[in-house]
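Trainee: let me see the structure of the following:
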Amino acid sequence: MPDLETVLAGLRRRPDAEAANLFAVDAADRLILDAVSEAIPDLETRTIAVIGDRYGALTLGLAARHGVTGVRVHQDSYTGEIALSHNAVDAGLSGVFEHRGLDETLLDGVNIVLMQLPRSLAELTDIAETIALFAAPDVQVFAGGRDKHMTPAMNSVLGASFESVSAGRGRQKARVLRAALPVRPQSPTYPVTAVLGDVDLTVVAYGAVFAGAKLDIGTRYLGGFEKKMMPGAGQIVDLGCGTGILACLLARARPDATVHATDRSAAAVASARATAAANGLDIEVSRDDAMSTYPQSSVDLIVCNPPFHEGASLHTGSAEKLFEAARRVLKPGGEMWTVYNSHLNYRRALADTVGPTAVAGKNSKFTVTRSVV
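Mentor: Numbering: from 1, shown residues only. Purely as a prediction, here's the structure:
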């Protein structure tokens, strides 16, 4: 079994962006591992779940330090799953974990949970309620994060699902919250459903999905250009679909087209499927890494509201990866319609990567562009 420091030092982020200011392990990962090791001397006898392990520090760190196997892991990000699998092979630790959804299969009988605290309180609520609903009555949760991303509201969210919540000592600007004595929710908060009257859509959202059950203003702005988008497009992709609002608008407006919605987030995919079903629309939804499973030159039209960050770091790597994917997947003459915060000035990147790019619209905050392969 490799030693802990060797494993942590070897972690990489691939297939996510890698850069000098982007890290595969941080002080919170190390503190969580130390906190659970100090508190639970017989970890090898426990049933363990890991939630939100970004690149494998928690899962592989447990295996390296304690020799545990059979760890159940939920990562919302598909690229996080890929990175964990790659890192496990590199560390010689393949087979010590199993990927699960955020559901009973992850948590049934679990009495130890390790997790990185999400920045979203909605996501934390969804996770905490799911643990309280399905885990063993004696479950103990070790949830860590960087001080700059933690708020007192996180204690309150955990306190709604656990009778006992306490904070450990901080170290290197990180801290671990411990929760125990779960309170079974009578009616889980998520998914939530909302009716968007101005676009006549019902939206269903799980806790981790971007914008929740609302129509974010960038998506709203891009949706207003639907009639100008490539006429007669037979294969359409909502790339980074979130709750699938753009896919639904396009499927409703173009019933003869095949509309796809794809995202790397498990919560987004579940939300988009539920949103399509709630509106009686036939949309093909998939969890994927930047359309990696789509054939080359197979799509006529792509719509995209790309991210502008990697986790907590401002970084354009994810957006650039989507632009490269669009170039590969679009047919000759195909179009990509993109909305972005104007200060990001993605027009040059789109022109260099996808093809000739023109500004189709601009308001006080957002720019919409049309790129042609």
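
Trainee: for the stretch 151-300 of the chain, which segments are assigned as strands?
Mentor: 162-167, 174-182, 192-196, 201-205, 235-239, 258-263, 284-287, 299-304 (DSSP state E, counting those that start in this stretch).

Trainee: burial of Ile40, as a residue count?
Mentor: 17 (other C-beta atoms under 10 Å). To be clear about C-beta, it is placed using only N, CA and C from the backbone, and glycine gets the same treatment.

Trainee: break the chain into its domains for me.
Mentor: With domains defined by automatic domain parsing, the chain comprises 4-182, 192-372.

Trainee: tabulate those domains (CSV), appending mean pLDDT.
Mentor: Formatted as CSV, those follow (pLDDT from 0 to 100):
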stretch, mean pLDDT
domain 4-182, 97
domain 192-372, 94
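
Trainee: convert the helix or strand where Gly334 lies to CSV, retaining C-alpha atoms only.
Mentor: Using DSSP states H and E, Gly334 sits within strand 330-341. Provided in CSV are the C-alpha atoms of strand 330-341 (Å, rounded to 0.1, in the frame of the first residue of the first chain):
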residue,chain,number,x,y,z
LEU,A,330,-20.3,20.6,-35.3
LYS,A,331,-20.8,19.8,-38.9
PRO,A,332,-19.3,22.1,-41.5
GLY,A,333,-21.5,25.2,-41.6
GLY,A,334,-22.9,24.4,-38.1
GLU,A,335,-23.5,27.1,-35.5
MET,A,336,-22.6,27.7,-31.9
TRP,A,337,-24.5,30.3,-30.0
THR,A,338,-22.9,31.4,-26.8
VAL,A,339,-23.8,33.8,-24.0
TYR,A,340,-21.1,35.1,-21.6
ASN,A,341,-20.4,38.0,-19.2
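
Trainee: does Gly361 belong to a helix, a strand or coil?
Mentor: Following DSSP: H, G, I helix; E, B strand; the rest coil, the label given to Gly361 is strand.

Trainee: what bridges to the nearest residue to it once chain neighbours are set aside?
Mentor: Spatial nearest neighbour of Gly361, excluding adjacent residues (C-beta to C-beta, 6 or more residues apart in numbering): Val368 at 4.4 Å. On the basis of DSSP bridges, Val368 is bridged to Val339, Gly361.

Trainee: hang on, the earlier thing: can you put the strands of the stretch 151-300 of the chain in JSON lines and add distance to Gln140 and mean neighbour count?
Mentor: Shown next, in JSON lines, are the strands of the stretch 151-300 of the chain (distance: least, C-beta to C-beta, whole Å; neighbours: other C-beta atoms under 10 Å):
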{"stretch": "strand 162-167", "distance to Gln140": "9", "mean neighbour count": "15"}
{"stretch": "strand 174-182", "distance to Gln140": "5", "mean neighbour count": "21"}
{"stretch": "strand 192-196", "distance to Gln140": "28", "mean neighbour count": "14"}
{"stretch": "strand 201-205", "distance to Gln140": "29", "mean neighbour count": "23"}
{"stretch": "strand 235-239", "distance to Gln140": "40", "mean neighbour count": "26"}
{"stretch": "strand 258-263", "distance to Gln140": "32", "mean neighbour count": "26"}
{"stretch": "strand 284-287", "distance to Gln140": "30", "mean neighbour count": "18"}
{"stretch": "strand 299-304", "distance to Gln140": "41", "mean neighbour count": "26"}
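
Trainee: gap between Val96 and Tyr346?
Mentor: The gap separating Val96 from Tyr346 is 40 Å, by C-beta to C-beta, to the nearest Å.

Trainee: do the same with Val50
Mentor: 35 Å.

Trainee: who has more neighbours, these two?
Mentor: Val50 (28 against 24).

Trainee: how far off centre is whichever strand or helix holds that one?
Mentor: Using DSSP H and E, Val50 falls within strand 48-51. Distance of strand 48-51 from the chain centroid (C-alpha atoms, centre = their mean, to the nearest Å) equals 17 Å.

Trainee: ok, Ile131 to Ala35 distance?
Mentor: 17 Å.

Trainee: more neighbours: these two, which one.
Mentor: Ile131 (25 against 21).

Trainee: in the helix or strand that one falls within, what's buried?
Mentor: Taking DSSP H and E as the definition, Ile131 sits inside helix 121-134. Neighbour counts over helix 121-134 (16 or more other C-beta atoms under 10 Å) mark 122-134 as buried.

Trainee: out of those, who's nearest Ala17?
Mentor: Ala17 lies nearest to Glu123 out of the buried residues of helix 121-134, by C-beta to C-beta, at 21.4 Å.

Trainee: I figured the closest one hits Ala267, correct?
Mentor: Yes. Between Glu123 and Ala267 there is a contact under C-beta atoms under 8 Å: 7.5 Å.
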